[in-house]
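Chemist: sharing a model prediction with you, sequence too.
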Amino acid sequence: MADTTDSAAPESPAKFPRTFWTANLTELFERGAYYSMASFVVIYLGRLGLGDYWPSVLNGLLWTLVYFLPILSGTIADQVGFRRSLLVAFVLLAGGYFLMGFPAWLGGATLTPEVGSEVTAGGAIWAPLLVGIVLIGLGGSVIKPCISGSVQKTAGKRATLAFAIFYMVINIGSLFGRGVSWVVRSQFGLPYIFAVAMGCSVIAFFVVTLLYEDPDRLRLEAAAAPARPKRSVGRILLDMVLVLKNPRFALFLLVSSGFNFLYAQVYNVLPLYLKKVVETDPAVDIYTMANPLTIVLFQLLVTRLFGKMKPIRSMVVGSLIIGVAMLINIVPVLVLGDLRGSVFDLLPLGSVFIVLTVSLIAFGELFTMARTYEYIGALAPKGQEGLFLGYANLPMAIGSLLGGPVGAFIFNEIMCHGATKRPDGLLELDPNWNSLGWTVLMGIGFLSALAMFLYNRWLERHPATPAPAT
């Protein structure tokens with residue numbers, strides 16, 4: 001009988017270290033915190049008396065801070081370490097969510113049944129809300145680079161699997177936060193969605209305190225290697241100028257922001273439309289679950305069927321899909337002629353189409369988001385791929401900054417033009433103006449797709465000049 005004791009056994013893949021899993025657990029609770037309140041921010045602020053425009057403007061500011069500040073906060077996190085940065089971030093988040101709920105919990109403010117058009121809130125409401133939004137923006141901007149950086153540094157040779165798990169955890173956290181928020185909101189009232197967010201942030205703080213270890217420290221201890229050079233905040237600002245001076249990249253930021261503008265309307269126009277037009281007490285948190293559910297169910301299928309599609313073509317398809325997602329809302333308005341008729345005694349017809357819109361937007365996201373990073377990597381000058389990818393969230397920041405006020409304008413001045421108020425407090429919209437508003441949103445998606453296509457054709461005809469050797 002042959003001796004097989006020395007034969008080489010197949011090497012099993014190394015397990016992900018504990019820090020990888022604790023980083024994902026931390027992300028689950030952070031996303032749970034954020035999405036427990038995200039779907040209701042504009043409604044909550046409107047019911048506090050911030051009028052037609054300020055809720056969307058402030059919500060857009062919040063998203064802009066979360067997506068723009070990682071450029072700076074990521075550098076600071078590199079300097080002080082991920083663990084310390086995460087602990088500070090969750091203190092900021094818990095404080096921010098507390099201040100968001102403060103006017104209704106302890107400040108004596110009373111939520112109106114309807115989202116009012118006039119600004120009636122005083123300084124006692126504005127002050128905690130503004131500070132809360134800044135704290136959430138600051139804290140959220142620290143989480144993003146720390147958690148994604150932890151996943152990258154602990155992935156080893158299995159980065160694809162690691163980020164697939166990470167993306168799945170994000171969507172599980174989104175479902176978790178929305179589900180818990182719905183239960184708490186139903187039992188105690190709308191302001192307590194911020195208690196859910198604050199509670200998730202506190203849990204995440206203790207996860208980091210008890211379980212998380214800084215991946216850089218572990219790596220350096222294992223390899224006994226010197227730490228890599230850190231970039232200063234001043235260096236980051238100079239790099240930002242360098243990146244934005246690149247006309248090819250700056251133009252890409254503009255043409256790709258159209259998709260992100262429309263994506264921002266999931267948390268601006270759609271909640272207002274549901275609350276002010278379709279039903280008096282919409283379960284926006286449950287309806288928007290269609291986004292993470294669609295991604296969880298179809299991510300692998302879309303990747304398998306369309307993963308080899310060129311990035312720019314995939315992004316064009318995503319922009320067309322999100323445009324169609326907006327347009328389908330004219331069906332109950334013009335074709336069926338009934339927004340509020342019940343479907344199987346469960347949901348108003350208008351709400352059903354909003355759920356379909358959110359689901360279609362998720363398909364657009366599957367075609368667009370990940371391919372954006374791939375495209376930016378290919379667009380960047382040789383040797384500067386990492387630098388350019390560090391600014392890949394700028395289209396989302398631009399889309400969010402514009403999406404708040406412009407989305408509010410489209411809703412209030414176009415969709416609601418000539419509206420009358422019903423006895424139940426809902427608005428009766430003119431079908432033609434209502435449809436025009438959704439058509440404008442669709443047009444933004446289609447124009448974004450066309451602009452991206454034309455931009456790519458321009459790049460093909462004007463290839464970048466290779467940088468001179470140094």
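Modeler: Okay, I see it.
Chemist: show me where the protein has strands.
Modeler: All strands of the chain, identified by DSSP state E, fall at 342-343, 347-348, 420-421, 427-428.
Chemist: same question for the first one, mean pLDDT?
Modeler: So the one you mean is strand 342-343. Averaged across strand 342-343, pLDDT comes to 86.
Chemist: coming back round to it: just the strands of the chain: most buried one?
Modeler: Most buried of the strands of the chain, by mean neighbour count (mean count of other CB atoms under 10 Å): strand 347-348, with a mean of 20. Backbone N, C-alpha and C define where each C-beta goes, glycine included.
Chemist: quick one on the thing from earlier: could I get the strands of the chain as TSV with distance to residue 58?
Modeler: Formatted as TSV, those follow (distance: least, CB to CB, whole Å):
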stretch	distance to residue 58
strand 342-343	33
strand 347-348	28
strand 420-421	25
strand 427-428	22
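Chemist: for residue 79, which of the ones you listed is the nearest?
Modeler: Distance to residue 79, taken as CB to CB, is lowest for strand 347-348 among the strands of the chain, at 49.9 Å.
Chemist: partners of that closest one, with directions?
Modeler: When pairing is defined by DSSP bridges, strand 347-348 lines up against strand 342-343 (antiparallel).
Chemist: residue 455: neighbour count?
Modeler: 17 (other CB atoms under 10 Å).
Chemist: touching, it and residue 252? I think so.
Modeler: Yes - judged on CB atoms under 8 Å, residue 455 makes contact with residue 252 at a distance of 6.8 Å.
Chemist: contacting residues for residue 299?
Modeler: 167-168, 366 (CB atoms under 8 Å, 6 or more residues apart in numbering).
Chemist: and these, which are buried?
Modeler: Buried residues within those, counting neighbours by 16 or more other CB atoms under 10 Å: 167-168, 366.
Chemist: wait, which of the strands of the chain is closest to residue 61?
Modeler: With CB to CB as the criterion, residue 61 lies closest to strand 427-428 of the strands of the chain, at 25.8 Å.
Chemist: check what contacts the closest one and list those residues.
Modeler: Under CB under 8 Å, 6+ apart, the answer for strand 427-428 is 276-277, 416, 419-422.
Chemist: tabulate the contacts of residue 299 (JSON lines), appending distance to residue 375.
Modeler: Converted to JSON lines, the contacts of residue 299 look like this (distance: CB to CB, whole Å):
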{"residue": "167", "distance to residue 375": "18"}
{"residue": "168", "distance to residue 375": "23"}
{"residue": "366", "distance to residue 375": "15"}
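Chemist: of all the residues you listed, the one with the weakest confidence?
Modeler: For the contacts of residue 299, the pLDDT minimum is residue 167, 83.
Chemist: still on that earlier bit, which of the strands of the chain has the lowest mean pLDDT?
Modeler: Sorting the strands of the chain by mean pLDDT places strand 342-343 lowest, at a mean of 86.
Chemist: next one: that strand to chain centre, how far?
Modeler: 30 Å (CA atoms, centre = their mean, to the nearest Å).
Chemist: ok, back up a step: in helices, which of the contacts of residue 299 appear?
Modeler: Residues from the contacts of residue 299 lying in helices, with DSSP state H as the criterion: 167-168, 366.
Chemist: quick one: residue 332 and residue 343 touch, right?
Modeler: No - contact between residue 332 and residue 343 fails when scored by CB under 8 Å: they sit 10.0 Å apart.
Chemist: shared neighbours of those two, anything?
Modeler: 349, 352.
Chemist: for the stretch 251-400 of the chain, which spans come out with low pLDDT?
Modeler: Scanning the stretch 251-400 of the chain for pLDDT under 70 picks out 383-387, 389-390.
Chemist: I'd say residue 263 and residue 399 touch.
Modeler: Yes - in terms of CB under 8 Å, residue 263 counts as a neighbour of residue 399; the distance is 6.6 Å.
Chemist: shared neighbours, those two?
Modeler: With CB under 8 Å, 6+ apart, residue 263 and residue 399 have no common neighbours.
Chemist: and residue 402, how far from residue 241?
Modeler: 22 Å (CB to CB, to the nearest Å).
Chemist: which one's more surrounded, these two?
Modeler: residue 402 (17 against 8).
Chemist: residues near residue 281, how many?
Modeler: 11.
Chemist: ramachandran coordinates for it?
Modeler: Main-chain dihedrals, residue 281, degrees, to the nearest 10: phi -140, psi 70.
Chemist: identify whichever of the strands of the chain lies nearest to residue 174.
Modeler: Counting by CB to CB, residue 174 lies closest to strand 347-348 out of the strands of the chain; the figure is 20.7 Å.
Chemist: give me the distance from the closest one to the chain's centre.
Modeler: Per CA atoms, centre = their mean, the centroid offset for strand 347-348 relative to its chain is 26 Å.
Chemist: same deal with stretch 235-249?
Modeler: Per CA atoms, centre = their mean, the centroid offset for stretch 235-249 relative to its chain is 24 Å.
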